[in-house]
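>>> Pasting the sequence and the predicted model now:
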Amino acid sequence: MKINLKTFVLPFQYNVDKSLEYYKILEKLLNRNEYFVVGKNLIRSDALDKCLGKANFTADYLSKESLIVKVFRSCKSHAIIKNIETSRAMNIPGIEAIITARDIPGINQIGYALPDQPLLNDTKVHYIGDPIALICAQNEEAAQKAEESILIEYEELKSVFDISAALNPDSPLIHTDGNVAVTTKIRKGNIEKGFKNSNVIIEDTYWSPYQEHMCLETDGAYAFPDGTNKITVICESQSPHLVREKVAAILGWKLNQVRIIQALTGGAFGKKDDTGPILAAYAALSAKTLGKPSACIYDRIEMFKTTPKRFPAKFIYKSGADKNGNLTAIQVYITLECGAYANRAPFWLWRQTAHAAGPYEVDNVAVDGRAVYTNNVYGGSFRGFGNLALHFAVEQQIDKLAYELCMDPLDFRLKNVLKVGSRTTCDQILDHSVGIEKCLKSIEDASKWKEKRVPIKNGNTLKGWGIGCAYHGNSTSRSTPDWSAASLLMNIDGSFIYRTGICELGQGSPFGHVKIVAEILGANIESIKIEIPDTDSTPDSKPTHGSRGLMMGGTAAADAAIQLREKIIKIAAEMLDCSLKLVECKESYAYNKENLNKKIPFNEIAEELHIRGLNPGAYGFYASPKRNYDEETGLGINYSVYTFASTIAEVEVDTETGEISVLKIWPSMDVGKAIDPIIIEGQIHGALSQGIGFTLMENVQLHNGNILNPSFKDYIVPSAFDTPEVDDPILIEEAYKHSAFGVKGVGEPSIISIVPAIVNAIYHATGIRFNTLPITAERMHKALKEVKK
Amino acid sequence: MKPLTGFNLVRPRTLQGALTLMATLEKTQPIAGGTDLIPLYREVQCEKTNLIDLSLINELNGITESLNCIVIGSTTTHTQILSNNLVAKHVSALHDSCSVLGSVQIRNRGTIGGNICNASPAADTAPPLLVHNAEVNISNQNNNRWIPLEELFKGPKLTVLQPDELLLKIKIPIDSDSASAFKRLGRRKGFTLSIVNAAAFVKREEGLIQNIRLSIGSVAPTPLRIKKVEEEFLGIEMSKRVLDEIGQACSDQVKPIDDIRGTAEYRRDMSNILIKRALNEAWRRTGGIIE
Ligand SMILES: Cc1cc2nc3c(=O)[nH]c(=O)nc-3n(C[C@H](O)[C@H](O)[C@H](O)COP(=O)(O)OP(=O)(O)OC[C@H]3O[C@@H](n4cnc5c(N)ncnc54)[C@H](O)[C@@H]3O)c2cc1C
């Protein structure tokens, strides 16, 4: 869908001051100087059901009669399919259908950015696990037998398992247009001059590997026919409307023939953004072909082996600074490994390209990026979206420059960080909401950084402290239109239904919307019920990714609430017999600020609304301010706003075993406005574990395209024992003008600065730099041994 | 999700009943806590198996003292062992190992019999039992025998147990003047299999090593007793240097391999470190200090 937002209009239709920016709602619209619910820690409305196990996830909806949809996959990493033989499998009792590419009624294509990914392959396979057929069976045993009975005749091709092999001119082509899927570029200032004016230059190469999300809930979708020309799918996703679009295209149907219900989702981290449409399409294909309810639920091993992971990437950095400690120039080459399909690679690569300088002002920048296919499992969305890997590299560069200049790494950062008026990597001028300096200063104090500049040796342990910074453009980049929507309905009893396509993935974003709504309406928070997203009734809020759920979706919620508030106030004013200005709403009562004795409950107002024939609903719509981008130079207004974060880590290294313990973390983040501090704290704590995992232990072990450790047993994620003490997170509130109460996204920014903080602390403790992750005990031990030699 | 099919579960209430079933049914496999077996069944398809559940048999559960020995029934869980004072006092290496094995849930279900019959080279209770000279009682319907634990292990996941045999109990001699300790290294700080583990048993006479037994796991096809080193250092005066020599000597004796959890080289180096740490701790527990 292409939308051209020629002119940007603030979506206010009522008699609201047109110059109102959303961050001023409190003072300008609500005429208050204190919040009722925003900024307070409340118990989430979904907490009790989840604690009691009463919340329903996809697999909870399955009916007993549901067919099992099992994916038959390639055992080859690169091969031409000569023949698919399913007749033997079809004869197994309990097998209802075996669906291959030619049975797909619509378009056999599921690629996200590029049309390079068939839903089912019938000409070629590109990695071990590439889907070829769907087995629709009455039970697991039959499905398993059928899986063993399908025969594929392959003509094997040479495989490429790393980016350098793929870039070799003699390399076999994985897709027809060559092994480079996409390239990016930024040219700013004069790079030669920049390096000429540098007194120190640091050059290094970094490799950031795959990471698996390890969502607790495995992927699943359940589809059932709704009459003869409609299918409903209950599934996990991060964008029910994207799932609808993809499923309809595959079924060859109109959008209104597919209904997607987003079940509560047990962890996503980006994974479900990619797997949601695929599993929904599998289940829907079976339901349409056979007219029977059908479910596709992966187990851990299938999920691990076949679904997208964090894209690996290689960075070659050259960074310069002058003797006063000012950054002068950076030159960066990025090579992203797509794996078998491009999927999100163009966006991922662009994000890395656009953030390449880190949260610092650098006048001379040259970045070249390319995304390269291999025959490994493909990459996809994952919290941090390129910026985790990027900051692992850039923040070590910054650290190295500081040490080279004999400057304190924190002071060096303070000198160079983005401030109001600074220009980003892409030459975007930041005119407000830039809190990185405050973040740094606050954790400098909290951690007593200055007292911790000498590593401590104690017996066989070494202790050190490191710092990492991060910035992360919220939501979509470049000139891509960005908008969100929400709807709000006042029932006749004064309760509310709130609808958003922003998904509940454990993070609590929809609850944040409800707090915004409750604040603006003056409604009791318990009176607002969040409906699970259902494409038949929920507006398209665009995806729950890019840390946009609250920042974009919550602002659409504000827009809906502002509209409904207008009506409530108008009626209340008449019922209270006072002017509009005097009406205040609180805890689902309207009253006259000057005469507190008279209160009208919301149910009476709701009734009055209906009696008068006024629309009791509101549709909120919010579009980001227009951005722009120059294709030639890569410069422009890239993201409407950035979230900033910094972290200090204290680590201890056992010099005999190489074990690394993260002992303490001091986190800080510029969140714009903390709608719910405890949810942010939750994000930070979770991100910490995920960040420690990525830095110290998580290791997808690949051999010739085979994943050797596809389970919790051998893919090691941190346990509670690996979780450090966390100092109270410091939340800086540099409000963003165009979002509800000034809110910015926190989901991804919370993880990005953790990785470099730990890596830099390890350097501080041991004097050893690591250019690849994870830094396992074994790798550390080996490095220590080499130093001793 | 792969279904768990292909087995038939039988739940005898007496040992005699279990042994009869083991002797008469086709393709039997005992199951205790199932914490090794069930994940295995998920991974590999099994032929029709009769699972003989041992968990209802009272005779196989519990810890008793008899004839200066501690006797532990095969279905005794790690949690039970952990809360037993006799073990804490006399077999501290075993207590150590049960305190770090798996997680609370795994310790509540997993049994000592299952841990050793599973015969993983990395089994955490094996090195402690080996340094305490444990013996195991094995039985089928007709015969009952005692063998040293060391002789039970034949290779990775292999034991000398015959298809109709059960392991009934484990006997550990009490040696009051001794002390022992266990150390391990995993890929994270908890809930994980060991890359290497080690146990040491010592008796001290003043500064002299009066008796010493050493064992290292996950560095050979079976958990190893390092007898060559034990003999070499018997009667020697303990010191920091001797401790280093013992560590080095042990790492020369192990035969590790590369696998998904670690390389042979790392395992060899860690054998040295862990055995030293275990021995140091055991020595400290005897009241000795190493300078
Ligand atoms: C998450 C997790 C973490 C774990 N962590 C550890 C760890 O840290 N350290 C560690 O050592 N292990 C660990 N394990 C492995 C396992 O929990 C232990 O080995 C446990 O002690 C096995 O006991 P069980 O009773 O569950 O064995 P079961 O699975 O019931 O049986 C294991 C084997 O022993 C046989 N068997 C059982 N009892 C008898 C008997 N009386 N006679 C003959 N054969 C018998 C069975 O037939 C089977 O072959 C872990 C497992 C999991 C799933």
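Great, that's in hand.
>>> Identify the residue spatially nearest to the residue in the stretch 51-200 of chain B that the ligand sits nearest to, adjacent ones excluded.
Nearest to the ligand, among the residues of the stretch 51-200 of chain B, is B:Gly114, at 2.2 Å (CB to the nearest ligand atom). To be clear about C-beta, it is placed using only N, CA and C from the backbone, and glycine gets the same treatment. Distances taken as CB to CB, 6 or more residues apart in numbering or on different chains place B:Ala32 nearest to B:Gly114, at 4.3 Å, with adjacent residues excluded.
>>> Isn't that neighbour up against B:Thr75?
Yes - judged on CB atoms under 8 Å, B:Ala32 makes contact with B:Thr75 at a distance of 5.0 Å.
>>> Identify the contacts common to the two.
Jointly contacting B:Ala32 and B:Thr75 under the rule CB atoms under 8 Å, 6 or more residues apart in numbering or on different chains are B:Leu54, B:Ser55, B:Thr111, B:Gly113.
>>> just to revisit the earlier point, ok, and the residue of the stretch 51-200 of chain B closest to the ligand, which helix or strand is that part of?
Following DSSP states H and E, one finds B:Gly114 within helix B:112-117.
>>> how far does that helix sit from the chain's center?
7 Å (CA atoms, centre = their mean, to the nearest Å).
>>> and the residue of the stretch 51-200 of chain B closest to the ligand, what is it in contact with?
B:Gly114 neighbours (CB under 8 Å, 6+ apart): B:Ala32, B:Gly33, B:Gly34, B:Thr35, B:Asp36, B:Leu37, B:Ser74.
>>> returning to that earlier point: so which of the shared contacts of B:Ala32 and B:Thr75 is the closest to A:Leu52?
B:Ser55 (29.6 Å; CB to CB).
>>> hang on, the closest one packs against B:Ala32?
Yes - contact criterion CB under 8 Å: B:Ser55 and B:Ala32 qualify, at 6.2 Å.
>>> How is chain A divided into domains?
What automatic domain parsing lists as the domains of chain A is A:58-157+A:219-297, A:309-478+A:630-787, A:483-623.
>>> Next up, phi/psi of B:Ala93, please.
phi -60, psi -40 (degrees, to the nearest 10).
>>> For it, report the pLDDT, please.
In this model, B:Ala93 is scored at 98, pLDDT.
>>> looking at it, it is touching B:Ser178, isn't it?
No - with contact defined as CB under 8 Å, B:Ala93 does not reach B:Ser178; the gap is 10.3 Å.
>>> between these two, which one's more packed in?
Using other CB atoms under 10 Å in any protein chain shown as the criterion, B:Ala93 and B:Ser178 rank with B:Ala93 on top: 30 against 23.
>>> List the contacts of the more buried one.
B:Pro127, B:Pro128, B:Val131, B:His132, B:Ser180, B:Ala181, B:Phe182, B:Ala199, B:Ala200, B:Phe201, B:Ala278, B:Ala282.
>>> which of those lies closest to chain A?
B:Ala278 (13.1 Å; CB to the nearest CB).
>>> and that closest one, what is it in contact with?
Here B:Ala278 is in contact with B:Ala93, B:Ala181, B:Phe182, B:Lys183, B:Ala198, B:Ala199, B:Ala200 (criterion: CB under 8 Å, 6+ apart).
>>> And for the residue nearest to B:Gly114, the neighbour number?
Residues lying near B:Ala32 (other CB under 10 Å) number 28.
>>> and it, what pLDDT?
So B:Ala32 comes in at 98 (pLDDT).
>>> Just want the phi and psi numbers for A:Ile648.
Dihedral angles (degrees, to the nearest 10) for A:Ile648: phi -110, psi 140.
>>> ok, it touching A:Trp666?
Yes - with contact defined as CB under 8 Å, A:Ile648 reaches A:Trp666; the gap is 4.3 Å.
>>> Check the contact lists of these two and give me the overlap.
A:Ile443, A:Ser447.
>>> Mind putting the domains of chain A into TSV with mean neighbour count, distance to B:Ser218 and mean pLDDT?
Output for those, formatted as TSV (neighbours: other CB atoms under 10 Å in any protein chain shown; distance: least, CB to CB, whole Å; pLDDT from 0 to 100):
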stretch	mean neighbour count	distance to B:Ser218	mean pLDDT
domain A:58-157+A:219-297	21	29	97
domain A:309-478+A:630-787	22	13	97
domain A:483-623	22	36	96
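>>> Just send those domains back as JSON lines, with distance to A:Cys51 too.
Shown next, in JSON lines, are those (distance: least, CB to CB, whole Å):
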{"stretch": "domain A:58-157+A:219-297", "distance to A:Cys51": "13"}
{"stretch": "domain A:309-478+A:630-787", "distance to A:Cys51": "14"}
{"stretch": "domain A:483-623", "distance to A:Cys51": "13"}
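>>> Which one of these lies nearest to A:Arg44?
So among the domains of chain A, domain A:483-623 is nearest, using CB to CB, at 4.9 Å.
>>> starting at the chain centroid, how far to that closest one?
27 Å.
>>> before we move on, the earlier item: quick one: buried ones out of the shared contacts of B:Ala32 and B:Thr75?
Buried residues within the shared contacts of B:Ala32 and B:Thr75, counting neighbours by 16 or more other CB atoms under 10 Å in any protein chain shown: B:Leu54, B:Thr111, B:Gly113.
>>> Quick check, A:Ala89 in contact with A:Ser149.
Yes - counting by CB under 8 Å, A:Ala89 does reach A:Ser149; the two are 4.0 Å apart.
>>> just checking, which of the contacts of B:Ala278 belong to helices?
B:Ala93 (DSSP state H).
>>> List only buried entries from the contacts of B:Ala278.
For the contacts of B:Ala278, a burial check counting by 16+ other CB under 10 Å picks out B:Ala93, B:Ala181, B:Phe182, B:Lys183, B:Ala198, B:Ala199, B:Ala200.
>>> Just name the closest of these to A:Asn595, please.
For the buried ones among the contacts of B:Ala278, the nearest to A:Asn595 is B:Lys183 (75.2 Å; CB to CB).
>>> related to what we said a few turns ago, what's the most distant pair in the contacts of B:Ala93?
It's B:His132 and B:Ala278 that sit farthest apart of the contacts of B:Ala93, by CB to CB, at 12.9 Å.
>>> Which SSE is immediately downstream of the lengthiest strand in chain B?
The residue-count maximum for a strand in chain B (DSSP state E) belongs to strand B:194-205. Using DSSP H and E, the helix or strand that follows strand B:194-205 in sequence is strand B:208-217.
>>> Direction included, what does the next helix or strand after that following strand pair against?
Moving toward the C-terminus from strand B:208-217, the next helix or strand (DSSP H and E) is strand B:224-225. If you go by DSSP bridges, strand B:224-225 pairs up with strand B:208-217 (antiparallel).
>>> Show me how far the strand it pairs with is from its chain's centre.
16 Å.
>>> So for whichever residue of the stretch 251-400 of chain A sits closest to chain B, what's the pLDDT?
The minimum distance from the stretch 251-400 of chain A to chain B, using CB to the nearest CB, falls at A:Asp299 (4.3 Å). Looking at A:Asp299, its pLDDT stands at 94.
>>> Quick check: bridge partners of the nearest residue to A:Lys50 once chain neighbours are set aside?
Closest residue to A:Lys50 apart from its sequence neighbours, by CB to CB, 6+ apart: A:Leu264 at 7.9 Å. Beta-bridge partners for A:Leu264, by DSSP bridges, are A:Phe57.
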